[in-house]
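S.K.: got a structure for you, letters missing:
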Ligand code: MG
């Protein structure tokens, strides 16, 4: 089936509360939406958020990459040759992983729709495990004053979330205090993941993580303690502490994943479609992780339901994915879409609709020519 047209539009959804990490503060999800149609009139949807501080991709650069490079390279290609389409897109422009992810998601959505299959069932082919139909996501707690973080954590637990992903990385000693108070408030049953978002130096990371271990705070894992560029630092921290270390900003490409696994620079990998450039490369990382018995998390940026649901389908399909950080829709104040996985508190329920499942995207599209 030939790719007939590619259209672009924007979705804007205010967040329930501002999202704050060691790197930034954001008030709404304002993402590019891509719609791709085949000759038979079927369509697929993709999405990309401008996360300049992490991916380097801005609203303007994402749109320019799709408009000027990616769309012209794949228009008219046969969707049945999906791997060839993905390779062509990959070569059309270097980097620009968010733009590629938006188009990749729309293409996989469309491809699975053409086959009349839910995307997760299609992606599960070749995996030895059983596809999951339910995922449990954590909820992000933004970095703030300790009292506010405790309040946010208690509210999350009250909403039924059993796994908290707590953002830190703003002052090592204060970070230990933040986690100690949250643990005291939520009790021992709640799983706490700590994400430093590159906020510590390697020495500070070791000191802080050891202090959390000594205090018996029961941390499941620590995510990206040091700069994503500091590969040696990541490896050093991983070797110095008992708590599992999850690489996030240090792993974008398949090559990054390969190096981290080979050199044991981290224990776990956080795969995000906006870093890999979409599902095509994310599957390659999953294959690699599976072969080396490395567990993965599927995470998201500040994305709404289109892109987050693509991540959910991937997480459901692959057995190496044991953790889901797919709280984008939970952070949004509204769900403007129809169809797709069901987000109910911490639970994400996959449905048997074909493709990603989203059937209505309330965006005014401009078709590229
Ligand atoms: Mg992270």
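M.R.: Structure's in. What do you need? Since we're looking at a predicted model, the values are computed, not measured.

S.K.: got phi/psi on the most centrally placed residue in the chain?
M.R.: Nearest to the geometric centre of the chain sits residue 300, at 2.2 Å (CA atoms, centre = their mean). Main-chain torsions, residue 300, degrees, to the nearest 10: phi -140, psi 160.

S.K.: mind checking how far the residue of the stretch 101-250 of the chain found nearest the ion is from residue 309?
M.R.: For the stretch 101-250 of the chain, the residue closest to the ion is residue 248, as judged by CB to the ion, at 3.7 Å. No exception for glycine: its C-beta is placed from N, CA and C like everyone else's. Relative to residue 309, residue 248 is positioned 20 Å away (CB to CB, to the nearest Å).

S.K.: out of the two, which sits in the more crowded spot?
M.R.: Using other CB atoms under 10 Å as the criterion, residue 248 and residue 309 rank with residue 309 on top: 34 against 24.

S.K.: doesn't the more buried one fall inside a helix?
M.R.: Yes: assessed by DSSP: H, G, I helix; E, B strand; the rest coil, residue 309 belongs to a helix.

S.K.: contacting residues for the closest residue to residue 278 other than its chain neighbours?
M.R.: Of all residues not flanking residue 278 in the chain, residue 104 sits nearest, at 2.5 Å (CB to CB, 6 or more residues apart in numbering). Neighbouring residues of residue 104 by CB atoms under 8 Å, 6 or more residues apart in numbering: 46, 86, 89, 273, 277, 278, 279, 280.

S.K.: swap in 10 Å and give it another go.
M.R.: 34, 46, 48, 70, 82, 85-86, 89-90, 97, 273, 276-282, 310 (CB atoms under 10 Å, 6 or more residues apart in numbering).

S.K.: which of those fall within strands?
M.R.: 34, 46, 48 (DSSP state E).

S.K.: got the residues of the stretch 101-250 of the chain near the ion?
M.R.: Selection of the stretch 101-250 of the chain residues close to the ion by CB under 5 Å from the ion yields 195, 223, 248.

S.K.: redo the residues you listed as a markdown table? Include pLDDT and secondary structure.
M.R.: Listed next are these as a markdown table, based on pLDDT from 0 to 100; DSSP: H, G, I helix; E, B strand; the rest coil:
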| residue | pLDDT | secondary structure |
| --- | --- | --- |
| 195 | 97 | strand |
| 223 | 98 | strand |
| 248 | 98 | coil |
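
S.K.: tell me if I'm right that residue 106 and residue 47 touch.
M.R.: Yes: applying CB atoms under 10 Å, one finds residue 106 in contact with residue 47, separated by 8.5 Å.

S.K.: hey, what's in contact with both of the two?
M.R.: 33, 34, 306, 310.

S.K.: for the ion, state which of these is nearest.
M.R.: residue 310 (18.1 Å).

S.K.: leaving out the residues flanking it, which one is nearest to residue 122?
M.R.: Closest to residue 122 by CB to CB, 6+ apart is residue 112, at 4.8 Å.

S.K.: residues in contact with the one you found?
M.R.: Here residue 112 is in contact with 44, 82, 118-123, 313, 353-357 (CB under 10 Å, 6+ apart).

S.K.: check what pLDDT the closest residue to residue 346 other than its chain neighbours gets.
M.R.: Using CB to CB, 6+ apart and skipping residues adjacent in sequence, the residue nearest residue 346 is residue 161, 4.7 Å away. At residue 161, the pLDDT value in this model is 97.

S.K.: quick check, residue 161 in contact with residue 331.
M.R.: No: here residue 161 does not reach residue 331: they are 11.9 Å apart, not a contact under CB under 10 Å.

S.K.: intersection of neighbour lists for those two?
M.R.: Joint contacts of residue 161 and residue 331 (CB under 10 Å, 6+ apart) are 139, 140.

S.K.: neighbour-wise, which of these two wins?
M.R.: residue 161 (25 against 22).

S.K.: residues in contact with that one?
M.R.: Contacts of residue 161 by CB under 10 Å, 6+ apart are 136-141, 153, 155, 186, 190-191, 327, 330, 345-347.

S.K.: next, give phi and psi for residue 222.
M.R.: Dihedral angles (degrees, to the nearest 10) for residue 222: phi -120, psi 130.

S.K.: the closest residue to it other than its chain neighbours: what secondary structure?
M.R.: Excluding the flanking residues, the one nearest residue 222 by CB to CB, 6+ apart is residue 194, at 4.8 Å. Under three-state DSSP, residue 194 falls in the strand class.

S.K.: who's residue 194 bridged to?
M.R.: Residue 194 has the following beta-bridge partners by DSSP bridges: residue 166, residue 222.

S.K.: which residues touch it?
M.R.: 141, 164-169, 175, 178-179, 182, 208-209, 212, 217, 219-223, 225, 243, 246.
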